[in-house]
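1. Build me a model:
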Amino acid sequence: RLATLSGNTVTADSIFTGVVDKEGEVLRLYHKREVELLEVAPRNHLVIATRLARDDNIRDVFRLTSTPPLGLVDAGHKCVNLALEKLDRMQPLMDQLEAVR
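-> Presented below is the predicted three-dimensional model:
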């Protein structure tokens with residue numbers, strides 16, 4: 001469950017948790033990351049949280065923006081391309097998701 005600034009709570013269901021090779025945003029190099037894919041109610045936003053390791057603090061948070069949400073799959077390389085919007089991990093997540101139209 002996630003809390004909003006108004007004191008309400010919403011449900012966030014974990015859809016996937018595991019280690020992936022994530023392409024870096026600046027140098028485009030690949031790094032191992034622990035990721036968690038969450039579905040956040042009530043509008044069913046899909047959010048990815050990344051960590052360096054399972055017990056670390058969240059490093060980055062992204063909202064999936066593609067339609068369909070899971071993007072393009074390159075079966076030969078076992079790669080998924082996702083359209084993402086980076087969110088500010090220091091700001092309340094629900095405020096950022098509620099601002100999406």
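2. correct me, but residue 37 touches residue 13?
-> No - counting by C-beta atoms under 8 Å, residue 13 is not a contact partner of residue 37; they are 9.6 Å apart. All C-beta spots, glycine's among them, are computed from the backbone N, C-alpha and C.
3. Report the residue spans of the protein with pLDDT below the cut-off.
-> For the chain, the stretches with pLDDT under 70 are 3, 66-77, 101.
4. Now do the helices in it.
-> 93-98 (DSSP state H).
5. tell me, what residue is most central in it?
-> For the chain, residue 48 is the residue whose C-alpha lies nearest the centre (C-alpha atoms, centre = their mean; 1.2 Å).
6. and that one, what does it touch?
-> Contacts for residue 48 (C-beta atoms under 8 Å, 6 or more residues apart in numbering) come out as 35-38, 61-62, 64, 82, 84.
7. Just the buried residues of those residues.
-> For the contacts of residue 48, a neighbour count by 16 or more other C-beta atoms under 10 Å gives the buried set as 35-38, 61-62, 64, 84.
8. Residue 53: which of the residues you listed is nearest?
-> The shortest gap between residue 53 and any of those belongs to residue 35, at 11.5 Å (C-beta to C-beta).
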